[in-house]
Structure formats: C-alpha cells, structure tokens
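Enquirer: just coords:
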C-alpha cells in the first residue's frame, strides 16, 4: 500500500462513533461535575461502557483499530521521536508509536476516572433516604464499595472513605485533562508534518495527503 496516496481508508465507522461519543461523554461529565448530578453519573457510565467496547475492538476490530497494530516497543517509540526532528519523519497510516501509547494511557486513565467515580457514587448513596426516583444504573453496590475499601486497602475505617475516592477521582480527571492537551498537541504536530487533516480523518475515516 502506498501511504502517500490520497483518501486512505483508515478508521472504521465503529472507531469513529467511539471516538466522538467518548469526547461528548467526557465533556458532559466534566461540565456536570457537581455532587449528586445524575447526568454526570450517566455520562460516567457511558465513558466506562465505551472503554470496554474499545478494549474488545482493540483485539477483534479492524486493522488500524487493533492494539497489535499500534502498541510498539519503547525503542520503536524513541526511534519515531528522533525521526520527528529529521527532514523526513517516518509516517504511519494509523496511530504512530507515540500516539499508540497515548491511546493506552488515556484508556487506563479514563477507566480509573470512571471506577473511582462509581466507588464515590456508591459511598454517597449509602446513607441517602429512600425516595421515589427514576431507576439509576449502579453496577457496583454501596455495600460492595464499603467492603472493598476496608478489605482491599487494609486501612482503618476512619482513614479512608468518601474523601479518598473523591480525591482519587479528581486526581485522575486532572491527569486526563493533561493527556487530552498532549493528544491535541500531537494531532496538531502530525497534521502539520504530514500535511493531513487528522480531525477530518476521524470524521470521514479517510486520510488524505497532498504530497
């Protein structure tokens, strides 16, 4: 395949739906990050569901969606970074080695954001009075959240609880914001170096090149 031909088929429809759904879900969750906000909770569950899909599709999905296509050794990453400072930086059709590891970092971080959020929600729901409300999705029960804190972390009950998971949730959320900034910077650099519109490619599934 000639990687410099125009209109390369790169991202399948499911990857594109996943990508923009994840963007929308994270933005909604971030903008509704107030306590006891059901929209925030549902957006968080959507993020978790999308992550699970991406892991499955990363194993059995299309060529450029599979982890085996873009998760490389760190020596390959270093060689790629060095090539960025040369006159002819190496080009990859799908994710480049650096971008591939960014995908992994973002998936892990988003999982931790979602998991800590679920644990926090479980703890906040323990002592709430029973009132009529619409069914709420909560895959991890409040009882499990309490037991897990005391048994897994092996700490005194008064040393860890809602504050612990809240701080963890905030920490990973801030880390995700940093990764998003680095991701956007990488997209910009890649678009300039290879004269391709990476954002448009994630909408159409195709990469174009005017070289």
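Expert: Received, thanks. Values in this document were obtained by computation on a predicted structure and should not be read as measured data.
Enquirer: If we ignore the residues flanking it in sequence, what's nearest residue 13?
Expert: Using Cβ to Cβ, 6 or more residues apart in numbering and skipping the chain neighbours, the partner closest in space to residue 13 is residue 205 (6.7 Å). Glycine gets a C-beta too; all of them are placed from N, C-alpha and C.
Enquirer: Residue 95 belongs to a strand, doesn't it?
Expert: No. Counting by DSSP: H, G, I helix; E, B strand; the rest coil, one finds residue 95 to be coil, located in no strand.
Enquirer: From residue 38, how far out is it?
Expert: Counting by Cβ to Cβ, to the nearest Å, the separation of residue 95 from residue 38 is 35 Å.
Enquirer: Which of the two has more residues huddled nearby?
Expert: When residue 95 and residue 38 are compared for neighbours, residue 95 comes out ahead with 21 against 13, by other Cβ atoms under 10 Å.
Enquirer: Check the gap between the spatially closest residue to that one that is not a sequence neighbour and residue 47 for me.
Expert: Using Cβ to Cβ, 6+ apart and skipping the chain neighbours, the partner closest in space to residue 95 is residue 70 (3.7 Å). The gap separating residue 70 from residue 47 is 21 Å, by Cβ to Cβ.
Enquirer: what's the answer for residue 33, then?
Expert: 13 Å.
Enquirer: who's more crowded, those two?
Expert: residue 47 (23 against 15).
Enquirer: Thanks a lot, catch you later.
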